[in-house]
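**Student:** everything below, folded, please.
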Amino acid sequence: MKTINIEATNHKHNLYRDGHRHGLELECDACNQTYHDGICCRECKFTVHEQCAFLLGIRETSKHPSHDGHCVELLTKGAPDHTDPTCHICADLNVPWHHHLVLMVGFGKAMICNFCRSGYDDGYFFPRCRLMVHESCVFIFDSPEITHPCHVRHPLKLLTDGAPGYTDPECHLCGSNTRSFLYHCKICKFSLDMDCAIRDPPPVSLSSMKVHEHTLTLMPRLISFFCDACGTRGDCAPYVCFQCNFVVHQKCAHLPGIIHINRHDHRVSYTHPLGPGEWTCGVCWEEINWSLPEEIEDIKPFKVNEDGTITHFAHEHNMRLNKDGFTLEESILCGACVRPISCNTFYNCSVCDFVLHETCVNLPKKKHHFLNVTPLFLSPNESATTKCNACMQYFCRGTMYVGDVGIFDLLCSSIKEPFNHGCHPHPLLYRHVLMAYIILRSACFDYFIAQS
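**Tutor:** Here you go, the predicted structure:
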C-alpha cells in the first residue's frame with residue numbers, strides 16, 4: 001500500500017490507499033456502503049471510500065440540529081470509553097431481524113409490503129435496501145429457518161434481499177418470481193416464495209382425485225413437461241404418478257370428474273385418454289390431439305433444388321451427386337472431413353473444385369452427443385490449426401461440431417455409445433478424466449483405451 005497525505009486531516013496515523021483486495025467488496029466505515037477502492041488506516045482498521053475521504057479533513061461541526069450549544073467533533077477511532085457507543089439519534093431505529101437502519105412510516109397506496117404485497121397501514125421502511133414490511137407482517141421473522149415438507153433434507157433459511165445470484169429467482173413450486181422475501185436452501189439451490197413456503201403450501205401428495213386413480217406425488221422441480229390432463233406444456237412442480245407415468249399441472253390435478261356446461265344438455269364426464277379417433281372440442285370446435293407435440297427442427301445441412309442439385313450450408317455454389325464410381329486422386333480431399341474422396345460417392349460443385357462425401361453432406365447440423373451436455377452444432381472451420389477437445393489432436397479446415405464446452409472434429413463426434421472395439425470383448429463407455437486424454441471405460445471398470 002502507498003502512504004498518502006490528506007490535507008487538514010484530524011487522523012493521527014498514516015493513511016494508505018486501499019485497492020480492490022482479492023476480489024472482495026469491503027464496507028466503508030463512513031457511509032456503510034460497499035466499495036472497491038478507498039483509504040484506510042492500518043492502526044485502527046478504519047476504511048472509507050475515496051468519495052468519503054473529505055470527512056477526514058473535517059475537525060468539528062457546529063449548530064447540529066440535534067445538539068444545540070456545542071460543537072460535535074468527528075472521531076475516526078470509535079466512541080470514547082467514557083460514553084455510550086450507540087448513536088443518540090438512530091439507536092431506536094434498529095430492529096433485530098434486519099441489519100439496515102429502519103424508519104417507521106405510514107404506507108400509502110404506492111408503498112407495497114414485501115411480504116403481503118399490499119399497501120396502506122403502518123410499517124417499517126429500510127431506505128438503504130428499499131425493504132418495506134407492515135408492522136403486522138413482522139411475525140414472519142419469528143421463523144428465520146423452517147423445515148418444509150417439500151424439501152425435508154435441509155432447512156430453508158429466510159432471505160430478505162432476493163434470491164442469490166447463483167440460483168433462479170423463480171419459486172420451485174409455483175414458478176412465480178420470489179421477489180425480496182423467500183426461503184432458500186443454499187446446498188440444493190432450492191427456493192420458495194412466501195405463498196408456497198408459509199401462506200398456502202401445496203400438499204406433498206393427493207389421493208382420491210378425479211383425474212387419476214392412484215396417489216399423485218408433487219415433484220418440486222423446475223422441469224418442462226406436457227400435462228396428461230389438459231395436453232398443454234408446464235414448466236414447474238407437476239403432480240406425478242410414477243406407477244403410470246402420469247403427469248399433470250397442480251391446477252389440473254383438482255379437475256372435477258363431472259361438470260355441467262351451458263352448451264350441452266347432459267353432464268360431461270372427465271375421460272383420460274379419449275382413445276383413437278378424430279375428436280373436436282364442443283366449445284371452441286378445435287381439433288383435440290392427444291399426441292404430445294414435438295418441437296420439429298430443420299437440422300438438414302442442405303436444401304434440394306428443382307434441377308436435382310443441392311445447396312449446402314458450407315458452400316456458396318450448387319452441388320450435384322456423382323455416382324460414376326471412378327476413383328479420384330488422393331490429393332482431392334472432402335471439404336468436410338478433409339480426407340481423400342477415393343472411390344466413394346460424392347457431391348461436386350458445378351462452378352469450382354469443391355467436393356463432399358455423400359456421407360459428409362448428410363451430417364446433421366445439430367446433434368446430441370456424449371461429449372457435450374448441450375447439443376452440438378455443425379460449423380465450417382476456417383482455421384488452419386484447430387484442436388479437438390476430445391482427442392486433443394489438431395485439424396484444419398473442413399467442418400466441425402461446436403458445443404458450449406469445446407470443439408470436436410468429425411471423427412470424435414461420430415463415435416457412439418456403447419463403443420465396440422476389436423481389442424476388447426465388452427462394450428466400452430465414455431468417461432472423462434482430468435488429463436490430456438479421452439478415456440473409454442468398459443463395463444469391467446478395469447480396461448482403458450486412450451484415444452490417440
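
**Student:** so N177 bridges to which residues?
**Tutor:** E170 (DSSP bridges).

**Student:** make sure it is actually in contact with S191.
**Tutor:** No: assessed by CB atoms under 8 Å, N177 is found out of contact with S191, at 10.2 Å. For every residue, glycine as well, the C-beta is placed using N, CA and C.

**Student:** any residues in contact with both of the two?
**Tutor:** 169-171 (CB atoms under 8 Å, 6 or more residues apart in numbering).

**Student:** and those residues as JSON lines, adding distance to V133?
**Tutor:** Formatted as JSON lines, the shared contacts of N177 and S191 follow (distance: CB to CB, whole Å):
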{"residue": "P169", "distance to V133": "19"}
{"residue": "E170", "distance to V133": "22"}
{"residue": "C171", "distance to V133": "19"}
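
**Student:** just the closest of the residues you listed to H368, please.
**Tutor:** Comparing the shared contacts of N177 and S191 against H368 with CB to CB places E170 closest, at 26.2 Å.

**Student:** could you check how many residues crowd around the closest one?
**Tutor:** For E170, the count of nearby residues is 17 (other CB atoms under 10 Å).

**Student:** residues contacting it?
**Tutor:** 176-178, 191, 222, 236.

**Student:** change it to 10 Å
**Tutor:** With contacts defined as CB atoms under 10 Å, 6 or more residues apart in numbering, the neighbours of E170 are 163, 176-178, 191, 193, 222, 235-236.

**Student:** buried ones among those residues?
**Tutor:** Listed as buried from these are 163, 178, 191, 193, 236; burial here means 16 or more other CB atoms under 10 Å.

**Student:** ok, now which ones touch V338?
**Tutor:** Applying CB under 10 Å, 6+ apart, the residues near V338 are 360, 381, 395-399, 409-410.

**Student:** same question for F377.
**Tutor:** So F377 contacts 299, 364-367, 400-404 (CB under 10 Å, 6+ apart).

**Student:** with just CA atoms, put the helix or strand encompassing it into PDB.
**Tutor:** According to DSSP states H and E, F377 maps onto strand 372-380. This file holds the C-alpha atoms of strand 372-380, laid out as PDB (Å, rounded to 0.1, in the frame of the first residue of the first chain):
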ATOM      1  CA  ASN A 372     -21.200 -32.300 -24.600                       C
ATOM      2  CA  VAL A 373     -24.200 -31.900 -22.300                       C
ATOM      3  CA  THR A 374     -26.000 -29.500 -24.700                       C
ATOM      4  CA  PRO A 375     -26.400 -30.200 -28.500                       C
ATOM      5  CA  LEU A 376     -23.500 -29.800 -30.900                       C
ATOM      6  CA  PHE A 377     -23.800 -27.600 -34.000                       C
ATOM      7  CA  LEU A 378     -22.100 -28.300 -37.300                       C
ATOM      8  CA  SER A 379     -20.000 -25.300 -38.300                       C
ATOM      9  CA  PRO A 380     -17.300 -24.500 -41.000                       C
END
